[in-house]
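1. quick one, what's the 3D model for this:
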Amino acid sequence: QVQLVESGGGLVQAGGSLRLSCSASGSIFSINGIGWYRQVPGNERALVATINSGGSTNHADSVKGRFTISRDNAKNTVYLQMNSLKPEDTGVYYCAADVRTRRLYGEMRYWGQGTQVTVSS
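-> Numbers count the residues shown, from 1 in each chain. The predicted model follows:
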């Protein structure tokens, strides 16, 4: 089994910064894509940013220039540095990882429990 544990959420004023972390543990052979999604009540989870095993990144247009995703492969950890936060960034941020648990197994997507980010105006 694979567990993803997020941390770093909280309450911040508009213009402030937060850094989210997500650490993966358990039966992990390799992690390909890993990233962050945001969900607000009544909406589906939306991609915020992802990074693949080679370090290529993809950021949603709404966060480009403000958020930066990075990963530490040795620690199976992904980070999201969020700067110049806006009230519309508020939501529950979920970490997701595409994990291969054995060399010949296919990938499965695992999700963390989510961390709340609230940006006040």
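2. what residues sit buried inside the host helix or strand of Leu11?
-> Leu11 is located in strand 10-13, with elements delineated by DSSP states H and E. Neighbour-count burial for strand 10-13 flags Val12 (criterion: 16 or more other Cβ atoms under 10 Å). C-beta coordinates here come from the backbone N, C-alpha and C atoms, glycine included.
3. identify the residues contacting that strand?
-> Leu18, Leu85, Gln116, Val117, Thr118, Val119, Ser120 (Cβ atoms under 8 Å, 6 or more residues apart in numbering).
4. and the second one, how many residues sit next to it?
-> Meaning Leu85. 22 (other Cβ atoms under 10 Å).
5. ok, back up a step: would you mark the buried spots in the very next helix or strand once past the strand holding Leu11?
-> Using DSSP H and E, the next helix or strand after strand 10-13 towards the C-terminus is strand 18-26. Of all the residues in strand 18-26, those buried under the rule 16+ other Cβ under 10 Å are Leu18, Leu20, Ser21, Cys22, Ser23, Ala24.
6. output the contacting helices and strands for strand 18-26.
-> Strand 18-26 sits against strand 2-7, strand 30-39, strand 77-82, strand 91-100, strand 115-120, with contacts defined as 3 or more Cβ pairs under 8 Å, 6 or more residues apart in numbering; DSSP states H and E.
7. any chance of these in TSV, with mean neighbour count, mean pLDDT and distance to Asn52 too?
-> Listed next are the helices and strands packed on strand 18-26 as TSV, based on neighbours: other Cβ atoms under 10 Å; pLDDT from 0 to 100; distance: least, Cβ to Cβ, whole Å:
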stretch	mean neighbour count	mean pLDDT	distance to Asn52
strand 2-7	17	96	17
strand 30-39	20	96	5
strand 77-82	22	98	11
strand 91-100	21	97	9
strand 115-120	17	98	22
